[in-house]
Each structure stands twice: as structure tokens, then as C-alpha cells.
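Sequence below, structure please.
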Amino acid sequence: MNFSSARQYFYQEIQQPDEQIDLAKAALYIAQEEYPNLDPEEYLNALDTMASELLERLPSSRYPLRIIQSINQYLYDDLGFTGNEKDYYDPRNSFFNDVIERRLGIPITLALIYLEVARRIDFPMVGVGMPGHFLIRPDIPDIEIFVDAFNGGETIFAQDCQERLSQLYQQPVTLQPEFLAVVSHRHFLARMLTNLKYIYLKQQQLEKTLAAIERILLLFPDTILELRDRGLLYYQLGYYPQAVDDLQTYLVKVPDAQDASVIRQLLAQLGRDG
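I've put the predicted structure just below:
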């Protein structure tokens, strides 16, 4: 299959060492597949403008909490960014251009706004892949605070994270160190794409689901469950040779998988149909 120009730009961006991947550009290339006429420079310039306006509002004392307060006032009070609680699974919440324009998003895309503006004012922050609710934190040693970009930039601590996890899963959850680990740029993008994958799957938009999986596999080619899911989508969409390739590879990699018998039956059916 030939890549669209947006897919090519995305692929080129993620070929760089992880820390050199420009998250804003990569996120805009993801959106460009949905909006082919999108001009990434327009939105990168918007982020530059936000940062320059924010710089004028920063306090003279550059303590981390004071800077976070200034970012919060600018993004949430002045510009009106907010979490889209009413329509959380609207795909537009996952497209970076829409989030910039509509001032609405989900935790990871609002976190990206926050990260990109903070980076432009030389206040380094990193993404934290807490299950079910993405967070960010200052990339400063010995400062154990987290920022919830979905909830107005609220600052929270590890104990708060445990309570939120328990609320999210409606049962007591023990906080594991990996829950608050910093995510790589590739994992950040994969999480954005995984959100889109499940939104489109729920809507039965199979071609768009497939496009999300294909980009996850560009990021992480050895993700065996994504390979299986791509094979199943190929089957549903009638791309039978590609389905056979992916599903056979899946069985070679994990012959004892729980769903191996189902996949073998499907391959047998494809063999008969072929």
C-alpha cells in the first residue's frame, strides 16, 4: 500500500532518536490523514504565539509551582482550554489541530498542549502514562508533583494518583512505580493512536481503525497484538492475502496464544475461500 503524504511525514518524523521526535509535528501528521488540507505550520505558529504571550505573564520568581500557576491561568482561564467531559469519545478530541482550535480535548491531547507551551518557555515537562488518565510533571529532580491537564492543570501528588486510579477502576488499586513512569515520545504517540483505534472500532469505521493500527506498527513493528488486530481487520475488509500474512505471523510468534485455535480456524476458512 502506498503511504499518503501525511503518513510519509509521520514516518520520517519517527525515524529520529526518540528524544528528537517533535511530538507536535507528529501529532499534526496524525491529524493530517483526517484533514488532508491541514497546514501543520499554522498550528505550530499558534503554539509559538501562545508561548510568547505566556512569557509576558510569567512571574519574576521562576519557582516551578509559580510557573505552573501561570501556565494554568493562561491556558485555562485566559484561553479557555478544558476537558471534553460531555463527548469524551469524539474523535476530534484526539486530533491536535481540533484541540488547538476548539480548546477541547482529552487528557493526552491537552497534556500535549501543555508540554509544547512549557517547552517553548524553557520549562521542561514530561508525560506520565498513568493507566486510564494521562498526566504530566516537571522534569526537575526531587519534585514529585503531577499536573492534570484535563482538569484545569490541577497539581496532585502520588497519593492522589492512587485515589484516582481506585475511582477510575471502581476498586482499590495499589500504585505501582511503572504507573507513574515517564513515557517515551514513541509511546506517547502510540497512546494517542490507540485512543483513535478504539474510538473508530466502536464506531465500526474499519478503514480508519486500520489506519490507526498501521501507524502504531510504524512506531512499534513488533507489537504482536496489533499485528493480530491488523490481520483481523484485513479479513473484515476483504484484504485476504494481507490477512493471511499477518495472522500466520501471529501464530508463529505466539503459537500458544489463547485465541490461537480461533485464528487457525479463520486461516483454514481463508484457505478454502482462496
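
use CA for all of it now, contacts and neighbours both
Fine.

ok, Tyr239 to Ala31 distance?
Tyr239 sits at a distance of 25 Å from Ala31 (criterion: C-alpha to C-alpha, to the nearest Å).

Tell me which of these two has more neighbours.
Ala31 (20 against 13; other C-alpha atoms under 10 Å).

so the more buried one makes contact with Asn93?
No. Contact criterion C-alpha atoms under 8 Å: Ala31 and Asn93 do not qualify, at 10.7 Å.

Neighbours of the closest residue to Ile14 other than its chain neighbours, how many?
Using C-alpha to C-alpha, 6 or more residues apart in numbering and skipping the chain neighbours, the partner closest in space to Ile14 is Ile21 (6.0 Å). Counted with other C-alpha under 10 Å, residues neighbouring Ile21 total 17.

Just list the residues touching Ile21, thanks.
With contacts defined as C-alpha atoms under 8 Å, 6 or more residues apart in numbering, the neighbours of Ile21 are 13-14, 185.

For the residues you listed, pick the one with the most neighbours.
His185 (21 neighbours).

wait, doesn't that one sit right on Gln15?
No. In this structure, His185 is not within contact of Gln15 by C-alpha under 8 Å, at 11.6 Å.

For the helix-or-strand element of the chain with minimal mean pLDDT, buried residues please.
Using mean pLDDT, DSSP states H and E, helix 158-169 stands out as the lowest-scoring helix or strand of the chain, at a mean of 83. Within helix 158-169, the residues scored as buried using 16 or more other C-alpha atoms under 10 Å are 161-162, 164-165.

next one: stretch 183-202
Quick answer for stretch 183-202 (16+ other C-alpha under 10 Å): 183-201.

for stretch 100-113, same thing?
100, 103-113.

now the end-to-end length of it.
One end of stretch 100-113 sits 8 Å from the other (C-alpha to C-alpha).

Please compute how far it lies from its chain's middle.
From the chain centre to the centre of stretch 100-113 is a distance of 11 Å (C-alpha atoms, centre = their mean, to the nearest Å).

ok, and what's touching it?
Contacts of stretch 100-113 (C-alpha under 8 Å, 6+ apart): 23-24, 43, 47, 79-84, 88, 92-96, 98-99, 127, 133-136, 148-150, 192.

ok, now stretch 188-202?
For stretch 188-202, using C-alpha under 8 Å, 6+ apart, the contacting residues are 23, 26-27, 89-91, 94, 108-109, 127, 129, 206, 208-210, 212-213, 215-216, 219.

before we move on, what about stretch 139-158?
Here stretch 139-158 makes contact (C-alpha under 8 Å, 6+ apart) with 68, 72, 76, 81-83, 105-107, 110-111, 114, 124-126, 134-138.

how about the helix or strand harbouring Val252: buried residues?
Here Val252 sits within helix 240-253, counting by DSSP states H and E. Neighbour counts over helix 240-253 (16+ other C-alpha under 10 Å) mark 240, 242-244, 246-251 as buried.

try stretch 223-236
224, 226-235.

same thing with stretch 257-273?
Judged by neighbour count (16+ other C-alpha under 10 Å), stretch 257-273 contains these buried residues: 263, 266-267.

quick one: that stretch to chain centroid distance?
Distance of stretch 257-273 from the chain centroid (C-alpha atoms, centre = their mean) equals 32 Å.

List of residues touching stretch 231-240?
206-207, 210, 242-247, 270.

What's the mean pLDDT across that stretch?
Summarised as a single mean, pLDDT over stretch 231-240 is 96.

so what's Asn84 up against?
Contacts of Asn84 by C-alpha under 8 Å, 6+ apart are 93, 104-106.

redo that, cut-off 7 Å
Going by C-alpha atoms under 7 Å, 6 or more residues apart in numbering, Asn84 touches 104-106.

Same question for Leu175.
With C-alpha under 7 Å, 6+ apart, Leu175 has these contacts: Gln162.
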